[in-house]
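Asker: sequence plus predicted model, see below.
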Amino acid sequence: MVRLVLWDIDHTLISTRGVGRELSAAAFAEALGQPMREQARIDGITEPVIFRETAKLHGLETDRVDFERFAEALVEQHWKRAAELRERGHALPGAASALDAFDSAGWVQTVVSGNVRAVAELKLQVFGLDRHIRWELGAYGEEDDVRANLVRLALERSAVPASDAVLIGDTPADVGGAHANGVRAIGVATGRSDEAALRKTGADVVLPDLRDTRQLVALARSTDR
């Protein structure tokens, strides 16, 4: 049996500690020609939606061409400031060990991320968390606005039944996207949503973090809903 882990990235595996917002602001200014004074809510939201809603906060209407220009600038900013991202951000506790543990247990691992793919790849590469990720099986922000659709896309690419997959993330949107496709959801309270909030959204399992890798893998194996 092939088992599949769908990882969220931001606040699940890594924290950029504010660098991500700075890079988004630089890309926004480059793409639209004006400073980003504020940013739309980002937790669990895909990059195209964040960009579109942030532009609206500035009185701007954008289209796909604008987003593509922003995405290109965002990738460039991440490459230019990768060293700063590494210095100021960090892998979250237990992240590297969790990835290793799932690999040792024979799980296939990929990501379902609101980030555009090139940014997702760079973020995990910077913190040495990319070695077990099957990028070609994942789904990324530029591919769909809706997280549930990204989960479906990753399942299709992986050819793994939903019953043999688990999604690990830190937001109610992660839980909702998993359950919309019949996938178990493990919520980790390493972002802005605490354990109570993740339980309220119906996460199958809620953990404080990724530190207890033995428990994490055992819970991922469980099929009890």
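Answerer: Received the coordinates, thanks.
Asker: how about low-confidence regions in this protein?
Answerer: 223-225 (pLDDT under 70).
Asker: domain ranges for it, per the record?
Answerer: 4-15+90-221, 19-87 (automatic domain parsing).
Asker: including mean neighbour count, could those domains go into TSV?
Answerer: The way it works is simple: take the backbone N, C-alpha and C, and place the C-beta from them, glycine included. As requested, these are exported to TSV (neighbours: other CB atoms under 10 Å):
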stretch	mean neighbour count
domain 4-15+90-221	20
domain 19-87	17
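Asker: show me the contacts for residue 102.
Answerer: Residues near residue 102 by CB atoms under 8 Å, 6 or more residues apart in numbering: 5, 109, 132, 217, 220.
Asker: farthest-apart pair in the residues you listed, please.
Answerer: For these, the farthest-apart pair by CB to CB is 132 and 220; their separation is 14.2 Å.
Asker: mind listing which of the contacts of residue 102 are in strands?
Answerer: The members of these that map onto strands under DSSP state E are 5, 109.
Asker: can you lay out the contacts of residue 102 as TSV showing distance to residue 22?
Answerer: Output for these, formatted as TSV (distance: CB to CB, whole Å):
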residue	distance to residue 22
5	30
109	29
132	29
217	35
220	34
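Asker: closest to residue 97 out of the contacts of residue 102?
Answerer: Using CB to CB, residue 217 is the member of these that lies nearest residue 97, at 10.4 Å.
Asker: OK, contacts around the closest one?
Answerer: Residues near residue 217 by CB under 8 Å, 6+ apart: 101-102, 105, 107.
Asker: now the lengthiest helix in the chain, how far from the centre of its chain.
Answerer: Taking DSSP state H as the criterion, the chain has its longest helix at helix 64-80. Centre-to-centre, helix 64-80 and its host chain are 18 Å apart (CA atoms, centre = their mean, to the nearest Å).
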